[in-house]
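Colleague: no FASTA, just this:
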Ligand code: FEO
Ligand code: CA
Ligand code: CA
């Protein structure tokens, strides 16, 4: 989901008129030498930049270009405005699982009705809307199977203009129920039917599952049973109904799925006229600020259930191999607008989870578990994410950075600042991060860990058109562009190559943008194919970094983006820094979800919100005005796509 969606959702227009940045050439100069900062392993020099500082080593020698065995063997595809998925010659992209397709529950497999007349109960047995993060889990469990497995798929939010036959012209409890059944997570069983025959969903499947906004969930970690988690329906604060706005994801080494609750605030309302500091900090609004979902008629009215919003904004762990397992909200990882949760292991076996909070001027976090991963003890691993230390990142102008612990009693995070205990620190993680002085970023989205370089981590910062505008934070070293419409990709190297380290060095891997843009700060500094608004980000096993874009429909129509076509996916080898466009999506979609089979010969991605209009809610009278992907007729549908090489080779090779 784009940030502009949420802003417009509340009836507030984003500001985008900024003055030129007079020192922008300094960014380009620094960018050209930036690869040396991390790989040289020495102290970074500094370049002045419009009030901020950008680390650089302007005089260091060029670095080795061949750390990875991977090569990009495909011919780039051009920008596209076509209403289809375009992949390079020699590849095929096949739709696997679209909104409304049955998930595969035994004896309950309702077919999709093209006029959107499926009931709420039927929707709860079908693919939800707006597919986002996703992960592949081989079958049998513990294997490295490449042709058979489970896909856990997020359904981020709903376009109610498409979801109901008459869209949002009226509202009813049944419509709310259908919307609540169209978010959450799908677990589907998938198999490749045979050589050259592509993938299919196995139906029925004993693994098939839909998790919705009403599925009971347990609470793990410091907020379990906390007073701020208690409601009339759950006086002990131990069970939450549902998960919402499931954006990006993570996958643990012990074979569980992490789904991340992003813009949960939009589902709640507090119409009392008075908002608490907690509600304000997380974006809860009054009804008259533009609220229109009407979920408040149920349990999302904070005047009736003041603590219900504290029960969303978490990372939720799901065991996809056990359809009867109860998902757990892992509160030790903090409450914010979670984009993703990328898991790696420290050298000593502790689990480390990297997480972005995707809103303008929010933070990058990491969690380090107290205990160690045990390869043969899945039950013990299932508790790893309940105990540990949550940190937030500060990026210093000299190219170093610190992980600042959010621990009750340390660094001013205590009762004097309103935190009674660690549970309250977790629930109000954003406010704790404010206290310790973390760096306000340009909308942190996905985070990827390089499998070939110990402790090297990449993060997409999708955009921030408010950077440097009146009353907002100005540029800094890690967020060096005012009116940052195109976004950038940041990289850091943990001290000693240890993911659990307290400090790191960092640099800017790429500044996205058009080379011929009128304004200097929109021009970017990219080698290879041009893109904007990077969002999805993941490494494959070969060490290729894959980047997906989410330029919102309202932004793509801006003059700054003119000629850039539909959203896209690119590949880049970190050591070359040269981006190559691999895929373009249909009209009005974003590209998201990156998951490979263990052999890297199938890539699953998601096409989210094809046909999305600028208003971000479709007109049910003309649902196909922009796109009718993937069916070629009728309502556009978000869908999972399986991509493979016709010669059976590794994707990207
Ligand atoms: Fe749901 Fe930040 O993308
Ligand atoms: Ca996005
Ligand atoms: Ca995203």
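Modeller: Sure, I can see it. Just so we're clear, the structure is a prediction, and the values are computed from it rather than from any experiment. Residues are numbered from 1 along each chain as shown. Ligands and ions are numbered 1, 2, ... in the order given.
Colleague: So what's the residue count around the nearest residue to residue 429 once chain neighbours are set aside?
Modeller: Spatial nearest neighbour of residue 429, excluding adjacent residues (Cβ to Cβ, 6 or more residues apart in numbering): residue 334 at 3.4 Å. To be clear about C-beta, it is placed using only N, CA and C from the backbone, and glycine gets the same treatment. Applying other Cβ atoms under 10 Å, we find 31 residues neighbouring residue 334.
Colleague: from memory residue 334 sits against residue 390, does it?
Modeller: Yes - in terms of Cβ atoms under 8 Å, residue 334 counts as a neighbour of residue 390; the distance is 5.0 Å.
Colleague: Mind listing the shared neighbours of these two?
Modeller: Listed as contacting both residue 334 and residue 390 by Cβ atoms under 8 Å, 6 or more residues apart in numbering are 365, 367, 406, 426, 429.
Colleague: do you know how far the residue nearest to residue 429 is from residue 386?
Modeller: Going from residue 334 to residue 386 by Cβ to Cβ, to the nearest Å gives 13 Å.
Colleague: next one: residue 532
Modeller: 39 Å.
Colleague: Those two: which is more packed in?
Modeller: Shown here are residue 532 and residue 386; by other Cβ under 10 Å, residue 532 has more neighbours (26 against 20).
Colleague: Could you report the neighbour count for the nearest residue to the more buried one once chain neighbours are set aside?
Modeller: What sits nearest to residue 532 in space, not counting adjacent residues and going by Cβ to Cβ, 6+ apart, is residue 486, at 3.9 Å. Counted with other Cβ under 10 Å, the neighbours of residue 486 add up to 31.
Colleague: Would you enumerate the residues in contact with residue 486?
Modeller: Residue 486 touches 463, 511-514, 522, 524, 531-533, 560, counting by Cβ under 8 Å, 6+ apart.
Colleague: One more: residue 367?
Modeller: 332-334, 351-353, 355, 385, 388-391.
Colleague: can you do 10 Å?
Modeller: For residue 367, the contact set (Cβ atoms under 10 Å, 6 or more residues apart in numbering) comprises 221, 315, 330, 332-334, 341, 343, 350-355, 384-385, 388-391, 406.
Colleague: Am I right that it is in a strand?
Modeller: Yes - counting by DSSP: H, G, I helix; E, B strand; the rest coil, residue 367 is found in a strand.
Colleague: ok, the nearest residue to it once chain neighbours are set aside - contacts?
Modeller: Leaving aside its sequence neighbours, residue 367 sits nearest to residue 353 (Cβ to Cβ, 6+ apart; 4.3 Å). Contact partners of residue 353, counting by Cβ under 10 Å, 6+ apart, are 250, 252, 258, 315, 330, 332-334, 340-344, 365-369, 384-385, 388, 390, 447, 499.
Colleague: got a pLDDT number for the residue of the stretch 351-500 of the chain at minimum distance from ligand 2?
Modeller: Nearest residue of the stretch 351-500 of the chain to ligand 2, counting by Cβ to the ion: residue 462, 5.1 Å away. On pLDDT, residue 462 comes in at 98.
Colleague: going forward can the numbers begin at 26, since that is how I track them
Modeller: Yep, numbering from 26; the last one is residue 487 now.
Colleague: from memory it sits against residue 273, does it?
Modeller: No - contact criterion Cβ atoms under 10 Å: residue 487 and residue 273 do not qualify, at 11.5 Å.
Colleague: any shared contact partners between the two?
Modeller: 364, 381, 383, 470-471, 560-561.
Colleague: just the strands in the stretch 426-575 of the chain please.
Modeller: Secondary structure of the stretch 426-575 of the chain, counting by DSSP state E, counting those that start in this stretch: strands at 466-467, 469-474, 481-486, 513-519, 528-536, 552-553, 559-564, 570-574.
Colleague: what's the fifth one packed up against?
Modeller: Packed against strand 528-536, as judged by 3 or more Cβ pairs under 10 Å, 6 or more residues apart in numbering; DSSP states H and E, are the following elements: helix 49-57, helix 60-64, strand 77-81, strand 413-420, strand 425-430, strand 481-486, strand 513-519, strand 570-574.
Colleague: who's the residue nearest to residue 392 bridged to?
Modeller: residue 368, residue 392 (DSSP bridges).
Colleague: State the distance from it to ligand 3.
Modeller: 17 Å (Cβ to the ion, to the nearest Å).
Colleague: ok, now residue 306?
Modeller: 21 Å.
Colleague: Give the full set of residues in contact with that residue.
Modeller: Shown in contact with residue 306 (Cβ under 10 Å, 6+ apart): 290, 300, 361, 453-456, 459.
Colleague: try residue 102
Modeller: Counting by Cβ under 10 Å, 6+ apart, residue 102 has contacts 111-114, 116, 554, 593-595, 605-609.
Colleague: Report the buried members of these.
Modeller: 111-113, 116, 554, 593-595, 605-609 (16 or more other Cβ atoms under 10 Å).
Colleague: which one of those residues sits closest to ligand 3?
Modeller: Nearest to ligand 3 among those, with distances taken as Cβ to the ion, is residue 594, at 13.1 Å.
Colleague: For that closest one, give me its contacts.
Modeller: Contacts of residue 594 (Cβ under 10 Å, 6+ apart): 102, 110, 112, 556, 561, 571-574, 606-610, 616-617, 619, 628, 630, 668.
Colleague: residue in this structure nearest to ligand 2?
Modeller: For the chain, Cβ to the ion, closest residue to ligand 2: residue 575, 3.6 Å.
Colleague: how many other residues sit next to that residue?
Modeller: For residue 575, using other Cβ under 10 Å, the count is 26.
Colleague: same question, the one 3 residues further on
Modeller: One way to gauge burial is a neighbour count; for residue 578, by other Cβ under 10 Å, it gives 22.
Colleague: Equivalent analysis for residue 544, please.
Modeller: Residue 544, neighbours per other Cβ under 10 Å, totals 18.
Colleague: just residue 576 next, same as before
Modeller: Using other Cβ under 10 Å, the number of residues around residue 576 comes to 29.
Colleague: And residue 154, by the same measure?
Modeller: Residue 154 has 24 nearby residues by other Cβ under 10 Å.
Colleague: contacting residues for it?
Modeller: Counting by Cβ under 10 Å, 6+ apart, residue 154 has contacts 124-125, 148, 180-185, 187-188, 204, 206-208, 633-634, 662-663.
Colleague: Repeat that for residue 208.
Modeller: 153-155, 179-183, 236-239, 267-271, 292.
Colleague: what separates the closest residue to ligand 3 within the stretch 576-678 of the chain from residue 608, distance-wise?
Modeller: Proximity of the stretch 576-678 of the chain to ligand 3 (Cβ to the ion) peaks at residue 617, 5.8 Å away. Counting by Cβ to Cβ, the gap from residue 617 to residue 608 is 12 Å.
Colleague: unless I'm mixing things up, residue 187 is touching residue 662, no?
Modeller: Yes - with contact defined as Cβ under 10 Å, residue 187 counts as touching residue 662 (8.2 Å).
Colleague: Any chance you could list residues touching both of these two?
Modeller: Joint contacts of residue 187 and residue 662 (Cβ under 10 Å, 6+ apart) are 124-125, 154-155, 634, 636.
Colleague: Of these - the most surrounded one?
Modeller: residue 634 (32 neighbours).
Colleague: what residues are up against that residue?
Modeller: 26-27, 30, 124, 154-157, 181-184, 187, 575, 577-578, 613-615, 617, 641, 643, 652, 661-663.
Colleague: For the residue nearest to residue 377 when sequence neighbours are not counted, list the residues it contacts.
Modeller: With sequence-adjacent residues excluded and distances taken as Cβ to Cβ, 6+ apart, residue 377 is closest to residue 524, at 4.1 Å. Contacts for residue 524 (Cβ under 10 Å, 6+ apart) come out as 368-373, 375-379, 391, 393, 474, 479-482.
Colleague: In stretch 414-431, which of the residues would be classed as buried?
Modeller: Neighbour counts using 16+ other Cβ under 10 Å place 414-422, 424-431 of stretch 414-431 among the buried residues.
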